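Visitor: show me how the following folds:
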Amino acid sequence: MKLDEKALKQAEELERISKKSETIDFATLGIASASDKDVLQTIKGIGPFIEEKLYALGIFTFEQVGNMTPEIETQVNKAIEFFPGRVKRDEWAKQARELNKSKK
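Guide: As a prediction, the model looks like this:
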């Protein structure tokens, strides 16, 4: 696959994922914008493309990830088209709470 095709495929995937943001409970997560964003790759289990997918959903900060309930973990896992249960297994919320604490 050529680089252009790969970039286009990724852009289409991010577009599809961003449309799934209405399935996420942002009342619980909290709202943030790109200007607030943390480097979510700091969380073990999140690589560059998963970080892009989270940003596409509107999840930009450690605080938002730390606010995930088990239900929201499932919603996010499904929305970013990730391996079932991976968000919970990698303990993203727990890691994010620690990172957010050390940021303050």
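
Visitor: alpha carbons only for contacts and neighbour counts from here, please
Guide: Noted.

Visitor: residues near residue 8, how many?
Guide: 11 (other CA atoms under 10 Å).

Visitor: typed the wrong thing, it's residue 97
Guide: 18.

Visitor: distance of the nearest residue to it once chain neighbours are set aside from residue 100?
Guide: Counting by CA to CA, 6 or more residues apart in numbering, residue 97 lies nearest to residue 66, which is 4.7 Å off, once chain neighbours are set aside. Residue 66 sits 8 Å away from residue 100, taking CA to CA, to the nearest Å as the criterion.

Visitor: again, but for residue 53
Guide: Distance, residue 53 to residue 100, using CA to CA: 20 Å.

Visitor: the two - which one has more neighbours?
Guide: Ranked by neighbour count (other CA under 10 Å), residue 53 and residue 100 place residue 53 first, with 23 against 16.

Visitor: longest helix in the chain, please.
Guide: If you go by DSSP state H, the chain has its longest helix at helix 3-18.

Visitor: which other residues reach the following helix or strand past that one?
Guide: Next along the chain after helix 3-18, taking DSSP states H and E as the criterion, comes helix 26-29. By CA atoms under 8 Å, 6 or more residues apart in numbering, the residues outside helix 26-29 that reach it are 63-65, 67-68.

Visitor: make a markdown table from these and add secondary structure, distance to residue 74 and pLDDT to it.
Guide: Below are the contacts of helix 26-29 laid out as a markdown table (DSSP: H, G, I helix; E, B strand; the rest coil; distance: CA to CA, whole Å; pLDDT from 0 to 100):
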| residue | secondary structure | distance to residue 74 | pLDDT |
| --- | --- | --- | --- |
| 63 | helix | 18 | 97 |
| 64 | helix | 15 | 98 |
| 65 | helix | 12 | 98 |
| 67 | coil | 13 | 98 |
| 68 | coil | 9 | 97 |
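
Visitor: which of those are buried?
Guide: 63-65, 67-68 (16 or more other CA atoms under 10 Å).

Visitor: out of these, who's nearest residue 45?
Guide: residue 65 (12.7 Å; CA to CA).

Visitor: elements contacting the lowest-mean-pLDDT helix or strand in the chain?
Guide: Across the helices and strands of the chain, mean pLDDT, DSSP states H and E gives its lowest value to helix 3-18, namely a mean of 87. Judged by 3 or more CA pairs under 8 Å, 6 or more residues apart in numbering; DSSP states H and E, helix 3-18 is in contact with helix 48-57.
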